[in-house]
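**Q** Just need the structure, nothing else, for what follows:
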Amino acid sequence: MKEAAFVKQNKARWEEFERVVKGQETADPDRIAALFIQITDDLSFSRTQYNDSRTTQYLNALASKLHLRIYKNKREDKNRFLTFWKEEVPAAVYEARKSLLYSFIIFIVAGVIGAVSAYYDDTFVRLILGDGYVNMTLENIKDGKPTDVYASMDQTTMFFYITWNNVMVSFRVFVLGVIASLGTGFYLFYNGLMVGTFMTFFYQESQLSHALPVIMLHGTIELTSIVIAGAAGFTMGNSLIFPGTYSRLDSFKKGAAKGMKIVVGLVPFFFIAGFIESFVTRYAFMHWSLKALIILASAALMIYYFVIYPTLLKRNGKI
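**A** Take a look at the predicted model:
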């Protein structure tokens, strides 16, 4: 093969390699390794056929850069824990941004349906929340402590119970995505329905102005995390439905890995939400300014880490 034909045949691929090396395109370690194998094959052929040419010099330089990129990635494995939270979780969330939007829409729509249903149907609240919870809350309202349920358990015991429960809820939302995303959608809808019903129940008892800020002390992180876990479930489920150029199994493995990163990334936030619910929410009659501060700080944390930060990393070419 003439050198000009060899260059023309492989030019597009080499340009892709250059963009990866320069950081203009992102690629996972497996992709970088595959690129390195391909470029060394081309280099070997070029050395055999056109040993002293500029093409061989160019490919040799490109292979060296790719080798350094792979070596750099191996060194970063020592700091894997740090890079997991700084880069891998935000990268997975950024790739799942459409799924995150769908998850949010489903949750909000379900919440509205729950609120409207509870408002116009007196039996709906008990159907969704259960007689035991409704009766207990009505008794608390009579005693002037509508959110006393958050002070009904020892703080430390409650912390571990609530945190574990929240983690398991997020994993269920994620794992149900294996049912072609339908399981995740249903679980999200049900949770949104419960929240809307819950809020309307307190509104009908003229307690919403007191209950809402108390609930959102921990609910800001907790509910947002459920929505994000839904995005993880959709990421896995959609990879099974829409495999693209991959085999269905390979696509599913990649989607499951991305979704799992998101869910694991939520665990510290569930600890924060569990701590607030167990040690802070019980002080329901604290000053409104302190409640506002905690709610706003929680909202800022979730929005920054799961929306703004991934976008900034993408713009700066770091993911």
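**Q** If we ignore the residues flanking it in sequence, what's nearest residue 301?
**A** residue 221 (7.3 Å; CB to CB, 6 or more residues apart in numbering). From N, CA and C alone the C-beta is placed, and that goes for glycine too.
**Q** same check, this time on residue 234
**A** Nearest to residue 234 is residue 99, by CB to CB, 6+ apart, at 3.8 Å.
**Q** buried ones in whichever helix or strand that neighbour is part of?
**A** Residue 99 is part of helix 97-120 when elements are defined by DSSP states H and E. Within helix 97-120, the residues scored as buried using 16 or more other CB atoms under 10 Å are 99-100, 102-104, 106-107, 110-111, 114-115, 117-119.
**Q** what's that helix in contact with?
**A** 93, 124-125, 128, 184-185, 188-201, 203-204, 223, 226-228, 230-235, 238, 306, 310 (CB atoms under 8 Å, 6 or more residues apart in numbering).
**Q** State the mean pLDDT of it.
**A** Here helix 97-120 scores 95 as its mean pLDDT.
**Q** Likewise for stretch 131-145?
**A** 88.
**Q** now stretch 247-257
**A** 87.
**Q** How about stretch 218-234?
**A** Taken as a whole, stretch 218-234 carries a mean pLDDT of 93.
**Q** to the chain's geometric centre, what's the distance from it?
**A** Its chain's C-alpha centre and that of stretch 218-234 lie 8 Å apart, by CA atoms, centre = their mean, to the nearest Å.
**Q** Check stretch 200-215 too.
**A** For stretch 200-215 - counting by CA atoms, centre = their mean - the centre lies 29 Å from the chain centre.
**Q** Any buried residues in it, and which?
**A** So for stretch 200-215, counting by 16+ other CB under 10 Å, buried means 200-203, 207-208, 210-215.
**Q** got the end-to-end distance for stretch 41-59?
**A** 10 Å (CA to CA, to the nearest Å).
**Q** contacts for that stretch?
**A** Against stretch 41-59 from outside (CB under 8 Å, 6+ apart): 1, 3, 6-7, 10, 14, 39, 60, 63.
**Q** Kindly recompute the last result at 10 Å.
**A** With CB atoms under 10 Å, 6 or more residues apart in numbering as the contact definition, stretch 41-59 has outside contacts at 1-4, 6-7, 9-10, 13-14, 17-18, 39-40, 60-64.
**Q** Show me which positions of it end up buried.
**A** Neighbour count says stretch 41-59 has 42-43, 45-46, 50, 55-56, 59 buried, by 16+ other CB under 10 Å.
**Q** from those residues, which is closest to residue 262?
**A** Checking those against residue 262 with CB to CB, the nearest one is residue 42 at 37.0 Å.
**Q** about what we covered before: adding distance to residue 244, write the buried residues of stretch 200-215 out as a markdown table.
**A** Formatted as a markdown table, the buried residues of stretch 200-215 follow (distance: CB to CB, whole Å):
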| residue | distance to residue 244 |
| --- | --- |
| 200 | 42 |
| 201 | 45 |
| 202 | 46 |
| 203 | 46 |
| 207 | 50 |
| 208 | 46 |
| 210 | 50 |
| 211 | 46 |
| 212 | 43 |
| 213 | 45 |
| 214 | 46 |
| 215 | 41 |
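**Q** Just the ones of the residues you listed in helices?
**A** Using DSSP state H, the subset of the buried residues of stretch 200-215 located in helices is 200-203, 208, 210-215.
**Q** Looking at those, spot the one nearest residue 136.
**A** Of all these, residue 136 sits closest to residue 201, with 12.1 Å by CB to CB.
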